[in-house]
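A.B. asks: Quick one, what's the 3D model for this:
(one chain, ligands or ions: 1)
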Amino acid sequence: MGNGASASQPSSPRREPSPRKDASPRKSNNSPAQPSPRRQANQSTKPDRQNQRSDGQKGSDRQKGADARQQAVLDHHKKVTAAHARREQHEAARSGDTTPRNNDSLTHGAPKHAGGGAGGAGGGRRQAPVPANMTSLQPDQVVFETFTNSKGKEFICAYLAGKRYYLDSWHSQEWQPFPDRWYQEGSLRPLDDNQVQENYTSQSTYSQASSGQAGPAGRPQNRDDREGFLKHPKRGRVETYLMEEKRYVHFFFDKFSGNWLRLPVGWELHHPLIKNMVQHVEEALPKWKDPGDILAMLRVCNYNPDETIGTYLHLEGDEWLVPPKSTQSMSDGETLLDSLKQKVKKMEMELNDEKRQRKSAEKQLADLQEKFSGLSAEAGIARTQVEAMQTSRPRTAQRPKTPVTKKQAAKAVDTFDPAQLDELTSIAQQLHKAHTHLKMTVTSQVGAMKQLIVETVKGVKEIKNSESGSQAELDEIRALYQKEALQKRLLYNQLQELRGNIRVFCRPRKDTRCGTCFKFPSEQDIIVTNSEGSKKSFSFDKVYSTEATQEEVFKDTSPIIASCVDGYNVCLMAYGQTGSGKTYTMMGPDNNPGINIRAITELLKLCGERTETKSYTLKVSMVEIYNETLQDLLTEDVKTLELSMVGNMVRIPDITEMTVESVKDVKKIMELGDKNRSVAETKMNSTSSRSHLLLRIAVCGTDKVSGAVSNGVLTLCDLAGSERIGKTEAQGQRLVEAAAINKSLSALGQVFTALRSSQLHIPYRNSKLTQILRPCLGGDAKACVFVNVSPDVKNYPETCNTLEFGSNARQVALGQAKQNVRKAPGGP
Ligand SMILES: Nc1ncnc2c1ncn2[C@@H]1O[C@H](COP(=O)(O)OP(=O)(O)OP(=O)(O)O)[C@@H](O)[C@H]1O
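C.D. replies: Now for the predicted structure:
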């Protein structure tokens, strides 16, 4: 409980331990008369802290943290007591009392020991009751405690020298005197080391960051897995730390749903307060013109305009800063979608015209080819005619080979017929005419043919060009379609965010063995009546009837599953009393499967539809959380796994992951996991699951063009039954199991409560279940919770508990879901 080193030897958290300090006789092993307050408070037999120091850096960091806390309380105590002394001296001087008073019990005064009661040091203020289990305390010993007020709010308190302080985490970030009236309004209990460590770290981190002391020098003192670094092209290695900070979140009251919802950016920009802040930033930074972007930075800087300006100036000109993009409102998105649709329609019409033109060009080409072949045939005929004529033509120029004698000549003159000569001459003239005509015809036909060939070649070229043009148009249309589909998905995601990224569905079980205590006034409401007739009403995103089929139940979750393919973390879980139908909803019988098989089938289908642009790998793992240990169900011997957190991410180093390509593969894997699962019989359900079962499907998609990689994880979680130990009559091992189940389920409820009230510290680390589900609940994911209830009036108290759990979860407004997409290595 006493968490620090000796207060009389305070060591500043910023100071390195000096050799002189180590050599201090008070810290030596030889001085048992002055034990460390931690040892004394715990009454433990742990080895001396001096010896523990050699246990490694971790111990030393923890020690530093403890010293820092101790020192902070001591400093404040000194301040308060000094101020008090001054005030008293002043009052004494006024009233003439010159007796010196010494209220600083820390430095000079006698130890003001335990005893409680009224009166005590420092005048009017009564002495604080001594912490529980503390019989003797050193004057300088600090004891940390938790105070829970009547509203359930918790404060860290410190008890020192008869006075108690509490850490005001909301206003001053300082230790404040513990008001006397609080003792009647709540209860105090000791705080364990881990809680102190966690709570104090988050407080000090917040105050350091908000006071501008964060950074390399002001970095939180306890090193953990939230620390990291990145390599900046100009700045080199930059240390990073994932700080958990308290933030303002702007809500509006939605009278239709009766809920407080997150104010969308578009609305927020019209808010007078925000307008003023944006204007203030714009005036200081005239270059920064995008109000949406300014608002985004204001949100990051917790609505502090000066910090916003400072951050911008600090990083102005940095090449890694993404250029401001204007945020599009839903209506912008819809207008864009409409205009895209119109564009696609226009392009389709143009494409149809193009197709018609292409058809007529093809017809023309066919006509031309026909004409061309007709002409070629004609030309061939003409050529044969000419040749035939040439061969039939008399060879007038041929002379007789033997010389004509005078006698022969005289005889020829005697027999010469002039009419025959005339006939021959006219034949020759006709032949000549026909030849000339034919020659002209052939020449003109050859010219026409040449012209035809040129036109044909041109036509073919045009057709080729129009073909490639149509291809380009088609590609463009396809790209536009894809863009439109993406836009639709984005709009869906925006809508989902507006509705809340956590949705709660209520599924009452069908049970023919008993009557029903349910009434369903609407699709969102359920009324439960107990045996005395008193009624309770609950509202959810959807309430199914007892007759609802597995298909109907799955239908409402299928859109959220599509988000996983886009790189979101998605979680579907079933919560409820044992035997209320969780396993039936998630797993279902073989012939009527539940959400698990349907979700994986849907995932595989969606991935298959996108293979043109993306390639996907699906890896399945199956684990159970049994008695707060994480066990791998896909190995021969069930293996215990270690869990580590890196910021918001969970790492399970040795987990078995199996690649799947079909539903058949998945079924085989689930059979193997099921065999290894711890199922035992309880009084309430003969196949009751004694552990939380988590089926995880990691979907990794790689864009075939850009190489960008998206990583989404679908977690399907069948929680163990939220039974009352008394009711199930659990004993022995069953009792241990039931206690572990109840512990982790109540840790899950606490996480929802903390998220709902935007608490500074979300207690994820309280159980293995909440640790592993952290990425699905922590603001960058989408979750669906099924609350399963039994209609039997006997189960009325458990049913009400389950429905209250669901209502609590429903009021959680997760932050904006984030897509886990990273660019391809070396990509643009
Ligand atoms: N909607 C339903 N329609 C028909 N039968 C159902 C329905 N819901 C549950 N059942 C039946 O009720 C019995 C108990 O259901 P189931 O095993 O799913 O409960 P459970 O909440 O998972 O219990 P546990 O937490 O103990 O594992 C099973 O036999 C199951 O078939």
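A.B. asks: Specify the beta-bridge partners of the residue in the stretch 1-150 of the chain that the ligand sits nearest to.
C.D. replies: Minimum separation of the stretch 1-150 of the chain from the ligand (C-beta to the nearest ligand atom) falls at T148, amounting to 31.2 Å. To be clear about C-beta, it is placed using only N, CA and C from the backbone, and glycine gets the same treatment. Under the criterion DSSP bridges, T148 forms beta bridges with E154, S187.
A.B. asks: Could you do D254 as well?
C.D. replies: Beta-bridge pairing of D254 under DSSP bridges involves N259.
A.B. asks: Would you check how far apart it and N801 are?
C.D. replies: 27 Å (C-beta to C-beta, to the nearest Å).
A.B. asks: Excluding sequence neighbours, find me the nearest residue to E484.
C.D. replies: Distance criterion C-beta to C-beta, 6 or more residues apart in numbering; nearest residue to E484, sequence neighbours excluded, is L340 at 5.1 Å.
A.B. asks: Between D254 and N801, point out the one with more neighbours.
C.D. replies: Counted by other C-beta atoms under 10 Å, D254 and N801 do not tie: N801 has more neighbours, with 18 against 11.
A.B. asks: helix or strand for that one, which one?
C.D. replies: helix 796-810 (DSSP states H and E).
A.B. asks: Span of stretch 535-544 from start to end?
C.D. replies: End-to-end distance for stretch 535-544, by C-alpha to C-alpha, to the nearest Å: 19 Å.
A.B. asks: Quick one: mean pLDDT for stretch 432-447?
C.D. replies: Stretch 432-447 shows an average pLDDT of 86 in the prediction.
A.B. asks: The residue of the stretch 1-150 of the chain closest to the ligand: what's it in contact with?
C.D. replies: Neighbouring residues of T148 by C-beta atoms under 8 Å, 6 or more residues apart in numbering: 154, 186-187, 189.
A.B. asks: Kindly provide the distance from the residue nearest to E484 to the ligand.
C.D. replies: 43 Å (C-beta to the nearest ligand atom, to the nearest Å).
A.B. asks: How is that residue assigned, secondary-structure-wise?
C.D. replies: Classification of L340 by DSSP: H, G, I helix; E, B strand; the rest coil places it in helix.
A.B. asks: now T617
C.D. replies: Per three-state DSSP, T617 ends up strand.
A.B. asks: What sits closest to it if chain neighbours are left out?
C.D. replies: Of all residues not flanking T617 in the chain, C700 sits nearest, at 4.8 Å (C-beta to C-beta, 6+ apart).
A.B. asks: And the one you found, how far from the ligand?
C.D. replies: Remark: distance between C700 and the ligand (C-beta to the nearest ligand atom) = 31 Å.
A.B. asks: Which strands or helices does the helix or strand encompassing that residue pack on?
C.D. replies: For C700, the host element (DSSP H and E) is strand 692-703. Other elements packing on strand 692-703 under the criterion 3 or more C-beta pairs under 8 Å, 6 or more residues apart in numbering; DSSP states H and E are helix 558-565, helix 595-609, strand 614-626, helix 663-676, strand 709-718.
A.B. asks: so how many other residues sit close to K605?
C.D. replies: Neighbours around K605, by other C-beta under 10 Å: 12.
A.B. asks: Return the per-residue confidence for it.
C.D. replies: 91.
A.B. asks: One more: E387?
C.D. replies: 79.
A.B. asks: after the strand or helix carrying it, next one along is what?
C.D. replies: Using DSSP H and E, E387 maps to helix 330-392. On the C-terminal side of helix 330-392, the nearest following helix or strand under DSSP H and E is helix 406-415.
A.B. asks: what's the distance between P797 and Y584?
C.D. replies: Taking C-beta to C-beta, one finds P797 at 22 Å from Y584.
A.B. asks: right, I mislabeled it, should have said L606
C.D. replies: The gap separating L606 from Y584 is 25 Å, by C-beta to C-beta.
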